[in-house]
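A.B. asks: the sequence and its predicted three-dimensional model are supplied below.
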Amino acid sequence: VTGAAQSAITSVGTSLGIGTSSQSSYDSYYNNLVVYNNGNAGISIIGNTSSETSLGFGDGTGAATYRGAVAYVHTSGANQDKMFFKTAATNQMVIDSSGNVGIGTTAPVSGGLHIHTDASTEGILLKSTGDTRNNLIFDGNISSAADNIAFIDANWNGTNVARISMFTGTDTSNKDDGRI
């Protein structure tokens, strides 16, 4: 690196600055590489269309030491155009090209959020501390009165075996007399 580009890159001890020479003024947990611009700043990781681009977190050398990662798969197949988040060297969460999110699965079902559990002690926990409450809010925009606005379904091997239905009210102006 020469000329103006060289003056924009500074090395101080074990830290590297791009656009700054004062890396030590940033939090010591995050100042090994500091990219600064007096406006928008960014870092690009570019790969070809048949590869994976990633940011790995490790605690040694060699492939087995990468314990955490954020990876984007460009290749074709089941994992094409998916963003993976890894901890303990295992895929924990994925966002697919349709915006579906999978936690505990690399193949989320269509429709939003898919949380896979494999033990009866796992699931979704809403926990408050102190003198507060938890809320699970269903916010729909159903135009007709006395219509389904939300369901809580219980399935057994993909077959619905129970349902809690929530209905809008019969009051057509604000539907505030709903029922379960």
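C.D. replies: Looks like it arrived, so ask away.

A.B. asks: next secondary structure after the lowest-mean-pLDDT helix or strand in the chain?
C.D. replies: Lowest mean confidence among the helices and strands of the chain (mean pLDDT, DSSP states H and E): helix 3-7, at a mean of 52. Sequence-wise, the next helix or strand downstream of helix 3-7 (DSSP states H and E) is strand 9-12.

A.B. asks: can you list the strands that that following strand pairs with?
C.D. replies: strand 15-18 (antiparallel) (DSSP bridges).

A.B. asks: so where's this protein uncertain?
C.D. replies: Scanning the chain for pLDDT under 70 picks out the ranges 1-7, 63-64, 172.

A.B. asks: in it, mark out all the strands, start to finish.
C.D. replies: Applying DSSP state E to the chain gives strands spanning 9-12, 15-18, 33-35, 52-58, 66-73, 82-87, 90-95, 101-103, 113-115, 148-156, 159-167.

A.B. asks: looking at the ones you listed, which is nearest to Ile46?
C.D. replies: strand 52-58 (6.8 Å; C-beta to C-beta). Every residue, glycine included, has its C-beta placed from N, CA and C.

A.B. asks: hang on, the earlier thing: got TSV for the strands of the chain, with distance to Ile45 and mean neighbour count too?
C.D. replies: As requested, the strands of the chain are exported to TSV (distance: least, C-beta to C-beta, whole Å; neighbours: other C-beta atoms under 10 Å):
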stretch	distance to Ile45	mean neighbour count
strand 9-12	18	13
strand 15-18	15	18
strand 33-35	13	15
strand 52-58	5	13
strand 66-73	8	17
strand 82-87	12	17
strand 90-95	16	16
strand 101-103	21	17
strand 113-115	26	14
strand 148-156	40	12
strand 159-167	44	11
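
A.B. asks: got CSV for the ones you listed, with distance to Phe138 too?
C.D. replies: Below are the strands of the chain laid out as CSV (distance: least, C-beta to C-beta, whole Å):
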stretch, distance to Phe138
strand 9-12, 52
strand 15-18, 47
strand 33-35, 42
strand 52-58, 36
strand 66-73, 32
strand 82-87, 27
strand 90-95, 23
strand 101-103, 18
strand 113-115, 14
strand 148-156, 4
strand 159-167, 7
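
A.B. asks: good, we can wrap up now.
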